[in-house]
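Student: this one's sequence-less:
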């Protein structure tokens, strides 16, 4: 029962960066490649930190934490891709950055938590 609550909490926590970072960066008009790269880095760092924070709890699977964290970003990107079909590639970049960073952070946090308990 405790695991399902922490996964729901991870999903609800993922709503904040999903909307305020991923959706905002997808929706904004970025002119230069530097700005786009910087926004992808901000998304990746935010999800990496959140994934590590949930991974440190060591209650469940690190990969599942990562998926629960980035699921709101995936849903928002999918919905926005139906409206703006010209930005599908950029939306996929944000989804890949969020998913990869969230899973990597959660797995690293879980490993660190297990090493700390030894």
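Tutor: Alright, I've got the coordinates. The model shown is predicted, which means the values in this text are computed figures rather than measured ones.
Student: please spell out which residues along stretch 48-61 are buried.
Tutor: The neighbour-count criterion (16 or more other CB atoms under 10 Å) identifies 48, 50, 51, 52, 53, 54, 55, 56, 57, 60 as the buried residues of stretch 48-61. Placement of C-beta: from N, CA and C, glycine included.
Student: got the contact list for that stretch?
Tutor: 2-3, 6-7, 10, 13-14, 17, 62, 65-66, 69, 101-114, 117 (CB atoms under 8 Å, 6 or more residues apart in numbering).
Student: how about stretch 87-95?
Tutor: Contacts of stretch 87-95 (CB under 8 Å, 6+ apart): 22, 25-26, 36, 40, 43, 70, 73-74, 77-78, 80-81.
Student: now residue 30, what are its backbone angles?
Tutor: phi -100, psi 130 (degrees, to the nearest 10).
Student: please begin residue numbering at 347 from this point
Tutor: With the count now opening at 347, the last piece we talked about shows up as residue 376.
Student: okay, strands next: where are they in this structure?
Tutor: Secondary structure of the chain (DSSP state E): no strands located.
Student: quick one: low-confidence parts of it?
Tutor: 347, 406 (pLDDT under 70).
Student: if we go to 90?
Tutor: Across the chain, the stretches falling below the confidence threshold (pLDDT under 90) are 347-353, 371-379, 400-412, 426-434, 436, 456-464.
Student: can I get the contacts of stretch 433-441 in TSV with neighbour count and distance to residue 438?
Tutor: As requested, those are exported to TSV (neighbours: other CB atoms under 10 Å; distance: CB to CB, whole Å):
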residue	neighbour count	distance to residue 438
368	29	12
371	21	13
372	22	10
382	16	13
386	19	11
389	27	13
416	32	13
419	27	11
420	18	10
423	24	8
424	12	10
426	17	11
427	18	8
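Student: just checking, which of these belong to helices?
Tutor: The subset of the contacts of stretch 433-441 located in helices under the criterion DSSP state H comprises 371, 372, 382, 386, 389, 416, 419, 420, 423, 424, 426, 427.
Student: relative to residue 436, how far out is the first one?
Tutor: Read it as residue 371. Counting by CB to CB, to the nearest Å, the gap from residue 371 to residue 436 is 9 Å.
Student: for the last one, same thing?
Tutor: Counting by CB to CB, the gap from residue 427 to residue 436 is 9 Å.
Student: if anything else comes up later, I'll come back, but that's it for now.
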